[in-house]
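1. 3D, please:
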Amino acid sequence: MATKQLREDHLEAWRAMYRADTLLFTHLDNTLRAKAGMQYFEHEALRALDLAGGRLRMTPLAKELMMSRSGVTRLVAKLEEKDGWVVRASAPDDRRATWAELTPAGREQLERAQPVVDAVVSTFFADHVASEDLRRAARILDKLADANPDDEGFDCGL
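-> Model (predicted):
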């Protein structure tokens, strides 16, 4: 099978996206650790639970966080055992299903962390890129994400 040759503009765009994503993640993770005592993925787990009304089954949580099932299980265990920000619960009607539930302490931690996230994201974007360009970038990135499956069905022709 022949491989596709990337055009230079495709390669430049991919590298720029990768660089910006990596820098933003690093700034978020470092600042959250320093100012809120949590890691970025911990914040994202609490945020996902909050947006879902306070609880999610583990598999949808893993999908939302773009993590493996085992990775989200380890993350939730840490959030439960070390921090007390999440508890795991079984549904009475389906004991096979495990739910992650946001605790009041987790909700308070999320509220403490949100200004940190807002400040980093605002500084990363607002000081450098016009709102119109950000909306255009969001549309482009959404188009890329929507066009590519997030499962094992991805086929790049190799």
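
2. contacts, neighbours, all on C-alpha from now
-> OK.

3. now do the longest helix along the chain, average pLDDT.
-> Criterion DSSP state H: the longest helix present in the chain is helix 8-36. Helix 8-36 carries an average pLDDT of 95.

4. for that helix, name the packing helices and strands.
-> Using 3 or more CA pairs under 8 Å, 6 or more residues apart in numbering; DSSP states H and E, the elements in contact with helix 8-36 are helix 40-51, helix 104-126.

5. and the helix or strand of the chain with the lowest mean pLDDT with helix 104-126, angle?
-> For the chain, using mean pLDDT, DSSP states H and E, the weakest element among its helices and strands is strand 94-102, scoring a mean of 87. Interaxial angle of strand 94-102 relative to helix 104-126 (axes from the mean of the first three to the mean of the last three CA atoms, to 10 degrees): 60 degrees.

6. can you report how many residues lie near residue 25?
-> Residue 25 has 16 neighbours, counted by other CA atoms under 10 Å.

7. next up, the contacts around the nearest residue to it once chain neighbours are set aside.
-> Leaving aside its chain neighbours, residue 25 sits nearest to residue 40 (7.6 Å; criterion: CA to CA, 6 or more residues apart in numbering). With contact set as CA atoms under 8 Å, 6 or more residues apart in numbering, residue 40 has these partners: 25, 28, 29, 32, 33.

8. read off the pLDDT value for residue 40.
-> pLDDT at residue 40 comes out at 95.

9. which non-adjacent residue is nearest residue 54?
-> Looking at residue 54 with CA to CA, 6+ apart, the closest residue is residue 102, at 5.1 Å.

10. surely that neighbour touches residue 84?
-> No - judged on CA atoms under 8 Å, residue 102 makes no contact with residue 84 at a distance of 9.1 Å.

11. who has more neighbours, those two?
-> Taking neighbours as other CA under 10 Å, residue 102 and residue 84 compare with residue 102 leading, 28 against 16.

12. any idea what that one is bridged to?
-> In this structure, residue 102 bridges to residue 86 when assessed by DSSP bridges.

13. roughly how far apart are it and residue 38?
-> 15 Å (CA to CA, to the nearest Å).

14. same check, this time on residue 94
-> 32 Å.

15. more neighbours: which of these two?
-> Looking at residue 94 and residue 38 with other CA under 10 Å, you find the greater number of neighbours at residue 38, namely 19 against 8.

16. which residues are in contact with that one?
-> With CA under 8 Å, 6+ apart, residue 38 has these contacts: 29, 32.
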